[in-house]
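S.K.: I'd like to go over a predicted model; first the sequence, then the structure.
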Amino acid sequence: MNSLPLNPSAKIPVTIITGFLGAGKTTLIRHLLLNAAGRRLALVINEFGDVGVDGELLRHCGAATCPADNIIELANGCICCTVAEDFMPAIDALLQRQPQPEHVIIETSGLALPKPLIKAFDWPQIRARLTIDGVIAVVDAEALAAGRFVEPETMPGAPVHENPLEEVYHDQLLSADLVLLNKCDLVSEDLQGTLKAGIAALVPRPLKVLGLRDGVIAPEILLGLMAGAEDDLAARPSHHDAEEGHDHDDFDSFVAPIAAVRDREAFVATLGEIAAHHDILRMKGFVEVEGKPMRLLVQAVGGRIQHHFDRPWGAEEARTSRLVVIGQKGLSQAAILAALERP
């Protein structure tokens, strides 16, 4: 285990941003970086899959307060399972930066359980230098309303049958100091109230739940919570507190290589058919479209697919098209790859 440099100065605050696959964490962080009012930020990004979509988007967002050298990607699985192996060296590297960051943001993968990461801040090597300013859970309002995690008729507060998605969702909420109900433009105001009440009922302590859209929220609401979560572990229960470790055997993930696409709309329609037929949780990646100088960014949450050309391909950049595909155990990789190869 790496040792962090000791320094008598004040501890550097850390904000942990968690939330299920596709909830809008990266969009939220992008807005935060672009509106940091000169505060020096550093960012640790954890992705479930080895195509660094989130890191690529944030590196090119143009935020002067968070240069590319202050962004570290961890793509060896969920950070909750690799705290000692991946997180400690990443933090060690960030604290060697000069000048040091004034605030560190950690984006967990959509399948990460925040509790093991929070517990790591109680380790002497980390406690001496860092403190958790706050744990923020981002929730996709439309996915929650559709019953992806908790059936709507059981809300608020009624007991529900556990499933892998629900356990991850619950653990993320139970660790949070603030919950952001994102994509509120996709549900009615009345339903927003029901969803907020259901979230509050699942957490056995007072918890503020704020609604927003497109990840837009004032940075001063997110930074400066001063929660000191490492000193409050007992109030943040987890479904996995009694376990020695945790894996993600309930989920499958693979990277799908894709040939250059001729018809963008037909390709997106195919993705929608694949998502519906295979109950895919998340797809994201970059795709080459024939005859187009720009790279197509694809972001899919279930059957909801967003796509746009995000930037030109670089002159020396390989135009490699790849999608990360994530679903529950039993995902048919062969069938999905065959469907993607259809003309």
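M.R.: Here it is on my side, so go on.
S.K.: what average pLDDT does stretch 257-267 get?
M.R.: Regarding stretch 257-267, the rounded mean pLDDT is 91.
S.K.: buried residues, it. List them.
M.R.: I258, V261, R264, F267 (16 or more other C-beta atoms under 10 Å). (C-beta placed from N, C-alpha, C; glycine too.)
S.K.: next: stretch 304-322.
M.R.: R304, I305, H307, S321, R322.
S.K.: out of those, who's nearest E142?
M.R.: Checking those against E142 with C-beta to C-beta, the nearest one is R304 at 7.2 Å.
S.K.: could I get the full set of helices for the stretch 51-200 of the chain?
M.R.: For the stretch 51-200 of the chain, applying DSSP state H, counting those that start in this stretch gives helices covering 53-59, 88-95, 114-120, 124-127, 141-145, 164-174, 189-202.
S.K.: can you put the ones you listed in a markdown table and add distance to E288?
M.R.: A markdown table is the format used below for those (distance: least, C-beta to C-beta, whole Å):
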| stretch | distance to E288 |
| --- | --- |
| helix 53-59 | 15 |
| helix 88-95 | 31 |
| helix 114-120 | 36 |
| helix 124-127 | 42 |
| helix 141-145 | 29 |
| helix 164-174 | 32 |
| helix 189-202 | 38 |
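S.K.: make CSV from those and add mean pLDDT, distance to G211 and mean neighbour count to it.
M.R.: Formatted as CSV, those follow (pLDDT from 0 to 100; distance: least, C-beta to C-beta, whole Å; neighbours: other C-beta atoms under 10 Å):
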stretch, mean pLDDT, distance to G211, mean neighbour count
helix 53-59, 58, 23, 20
helix 88-95, 81, 32, 19
helix 114-120, 88, 21, 23
helix 124-127, 85, 33, 15
helix 141-145, 91, 7, 22
helix 164-174, 89, 15, 21
helix 189-202, 92, 5, 16
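S.K.: minimum distance to I16: which of the ones you listed has it?
M.R.: Per C-beta to C-beta, nearest to I16 of these: helix 114-120, 6.1 Å.
S.K.: what about the closest one, distance to the chain center?
M.R.: Put simply, helix 114-120 sits 15 Å off its chain's centre (C-alpha atoms, centre = their mean, to the nearest Å).
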